[in-house]
Structure formats: C-alpha cells, structure tokens
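A.B. asks: Take this sequence and fold it.
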Amino acid sequence: MTKPSRLERILLNLAVILVILFFMMPMFWLVTTAFKFGREAFSIPPKWIFFEFTLKNFQDVWQHSNVLRFLMNSIIISTGATLLSLLLGVPAGYAVARTQSRLLGMSSYFFLVLLMIPPIAMLIPFYLIMRDIQLLGSYAAVIIIDTIFDASFVVWMMRSYFKDVPQEMEEASLIDGASRLQAFYRIALPLSVPGIMASALYCIIFSWNDFLFALMLTSPKTKTMPLGILASFSASEINWGIMAAMSVFAIIPAIIIALFLNRHFVQGLTAGAAKG
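C.D. replies: Below is the predicted model:
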C-alpha cells in the first residue's frame with residue numbers, strides 16, 4: 001500500500017476537524033449559554049466568544065434548585081439499573097451463546113423484539129403495576145423498567161461477543177475437571193471485559209438520559225436530572241441560562257463516567273486480545 005501524500009494527510013485532518021467541530025457546536029453553544037446573561041443568549045449576530053461572562057446562572061441553580069438531589073437520584077437509578085442489567089444479561093448472553101438447543105438459541109431474538117417495542121407502549125401497564133404493588137415514586141420503579149430494556153440489550157450484545165470468544169480454552173478447562181460455571185467465570189468472563197464495558201456504558205447512558213419513565217414513575221424526592229432541567233421551563237418564559245447551567249451539571253458526571261469506562265474498555269480489549 002502506498003503512503004498517503006502530504007496533501008492527502010492535510011485534507012484528511014481538515015475533514016476530521018470539521019466533522020468534530022460540527023458535532024461539538026451544540027455542546028459549545030450549551031456551555032457558553034450557561035455563562036451568558038439572558039439577553040445575550042440569542043443576540044444577533046450571535047456572540048460565540050466575546051460576551052459578558054457571568055456565573056449568575058450557576059449561582060441561581062445552586063441556590064434555588066435541588067441540583068444535588070437530582071444528580072444523586074440519577075446516579076442511584078443509573079447505577080442500580082446498570083448493575084442489575086449486567087447481573088442478569090451477561091450470564092444470560094453466555095447461556096444463549098453456548099446452548100445446543102435451537103429453541104433457546106432462537107430466544108435471543110425475543111430480546112431484540114423487546115428492544116423494538118416503543119417505551120411508551122409499556123409505560124401505562126407498568127405504571128399500574130407499580131401503583132398496585134406500592135412502588136410508584138420509588139427508585140425501584142424506574143430501575144426495574146430501565147433494566148427491562150438495558151438487560152435485553154446486554155443479552156443481545158453479550159451473546160454476539162461470547163460467540164467470538166474461542167471455545168477451545170473453555171473445553172480445555174472442562175477436560176481438566178472444571179464445571180461449566182467455573183469455565184464461565186475463569187475463562188469466558190475475563191475475555192469478555194470489553195463487551196461488558198461497552199454494555200455498561202450503554203446502560204448508564206440510557207438510564208441517565210431517561211426522561212419518559214422518570215417523568216411518570218418518580219416522586220418529587222426521586223426526580224432525576226432530566227426532570228430538573230425541565231424545571232427551567234415555565235408557563236411565562238424559558239430561562240435558557242438556567243437550563244444550560246443545569247445541563248452542564250448533568251453532562252459533567254456523564255463525561256467522567258464515560259472516560260472512566262472507556263479507559264477500562266481499552267484495557268479489557270488489550271487483555272482479551274492477549275489472552276485470545
């Protein structure tokens with residue numbers, strides 16, 4: 001293969017920079033709006049860099065809203081749904097990938113169909129169930145319904161990942177006297193770390209950004225960050241500065257979690273490649 005010329009490299013780098021700038025524009029607008037007075041948020045021509053800097057929006061959010069409560073509720077729900085989804089989905093994905101039964105192997109498509117169901121179609125029945133068992137307004141109500149969708153994705157993804165994990169190492173451990181469960185924990189599970197990390201990241205993103213289920217199933221004490229951002233809207237006005245500041249508070253933990261899991265994802269991918 002011939003090496004790309006200097007001009008081709010420059011054009012490629014320029015194209016990458018333009019694509020990154022295009023996708024980062026909404027984030028840049030959001031962050032800058034959080035530091036603007038209301039009159040400058042929609043000034044014409046727009047003030048992207050040179051504007052009157054203020055921390056008033058963050059002060060108002062910190063003093064007049066329950067942003068810490070919203071963040072804590074989001075963390076509790078996202079963590080609970082992610083852990084429960086992995087606890088259920090990873091072993092189920094392994095069982096589906098290693099089964100010799102055609103019927104059980106076809107059951108993986110059930111989880112794919114479940115992901116295709118519009119969430120709003122399950123909301124009313126689930127709302128009535130949670131009301132009848134007196135879980136409405138609790139963390140458990142949102143965690144359970146988030147787990148239904150998250151675990152379905154985990155099963156489908158881990159099934160595909162376990163199918164790519166070499167079975168020879170598991171068969172060797174079985175010959176040495178290990179049980180199928182021991183082969184799963186000692187061989188298949190360490191090699192599946194990248195898939196688990198990717199599944200966990202999806203579960204966290206889905207639960208953290210969930211608005212519909214949180215809107216219908218939470219109480220004032222369990223409202224999450226998306227509902228806190230909704231509080232910046234009123235019948236008389238939309239306080240864009242407050243909304244942007246609340247969004248910044250919501251984005252920071254998500255970015256930290258994504259960077260942390262991404263680091264472990266790369267480590268797991270390298271370890272899996274070396275072991276495989």
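
A.B. asks: Going by C-alpha atoms from here, please, whenever you check contacts or count neighbours.
C.D. replies: OK.

A.B. asks: What count of nearby residues applies to residue 96?
C.D. replies: 24 (other CA atoms under 10 Å).

A.B. asks: What residues sit buried inside the one helix or strand it maps to?
C.D. replies: Using DSSP states H and E, residue 96 maps to helix 67-98. Neighbour counts over helix 67-98 (16 or more other CA atoms under 10 Å) mark 67, 69-71, 73-86, 88-97 as buried.

A.B. asks: do stretch 204-216 as well
C.D. replies: Here stretch 204-216 shows 204, 206, 207, 208, 209, 210, 211, 213, 214, 215, 216 as buried, counting by 16+ other CA under 10 Å.

A.B. asks: Kindly report the same for stretch 54-66.
C.D. replies: 56, 57, 58, 61, 65.

A.B. asks: which residues touch it?
C.D. replies: 34, 35, 36, 37, 67, 228, 241, 242, 245, 246 (CA atoms under 8 Å, 6 or more residues apart in numbering).

A.B. asks: if we go to 6 Å?
C.D. replies: Residues outside stretch 54-66 that contact it (CA atoms under 6 Å, 6 or more residues apart in numbering): 35, 36, 241, 242, 245.

A.B. asks: Tell me how far the nearest residue to residue 126 once chain neighbours are set aside lies from residue 129.
C.D. replies: For residue 126, ignoring the flanking residues on the chain, the nearest one in space by CA to CA, 6 or more residues apart in numbering is residue 145 at 7.8 Å. Counting by CA to CA, to the nearest Å, the separation of residue 145 from residue 129 is 11 Å.

A.B. asks: give me the number of residues near residue 241?
C.D. replies: 28.

A.B. asks: pLDDT weak spots in the stretch 151-276 of the chain?
C.D. replies: 234-237, 262-276 (pLDDT under 70).

A.B. asks: any idea how far residue 25 is from residue 13?
C.D. replies: Applying CA to CA to residue 13 and residue 25 gives a distance of 18 Å.

A.B. asks: Helices of the stretch 51-200 of the chain, start to end?
C.D. replies: In the stretch 51-200 of the chain, the segments counted as helices under DSSP state H, counting those that start in this stretch are 56-64, 67-98, 102-106, 108-116, 119-132, 139-164, 168-175, 180-183, 189-191, 193-209.

A.B. asks: Among the contacts of stretch 54-66, find me the one that's closest to residue 199.
C.D. replies: residue 245 (29.2 Å; CA to CA).

A.B. asks: Run a quick neighbour tally on that closest one.
C.D. replies: 28.

A.B. asks: what about it, distance to residue 126?
C.D. replies: Counting by CA to CA - residue 245 and residue 126 are separated by 33 Å.

A.B. asks: ok, now residue 90?
C.D. replies: Taking CA to CA, one finds residue 90 at 25 Å from residue 126.

A.B. asks: Would you mind splitting the protein into its domains for me?
C.D. replies: 6-54, 59-275 (automatic domain parsing).

A.B. asks: so of those, which one's packed in deepest?
C.D. replies: Mean neighbour count (mean count of other CA atoms under 10 Å) peaks for domain 59-275 among those, with a mean of 18.

A.B. asks: before we move on, back to that, which one of the helices of the stretch 51-200 of the chain lies closest to residue 17?
C.D. replies: Of the helices of the stretch 51-200 of the chain, nearest to residue 17 by CA to CA is helix 193-209, at 25.5 Å.

A.B. asks: Can you list the helices and strands that that closest one packs against?
C.D. replies: helix 67-98, helix 240-275 (3 or more CA pairs under 6 Å, 6 or more residues apart in numbering; DSSP states H and E).

A.B. asks: Could you point out which of the helices of the stretch 51-200 of the chain sits nearest residue 253?
C.D. replies: helix 67-98 (8.5 Å).
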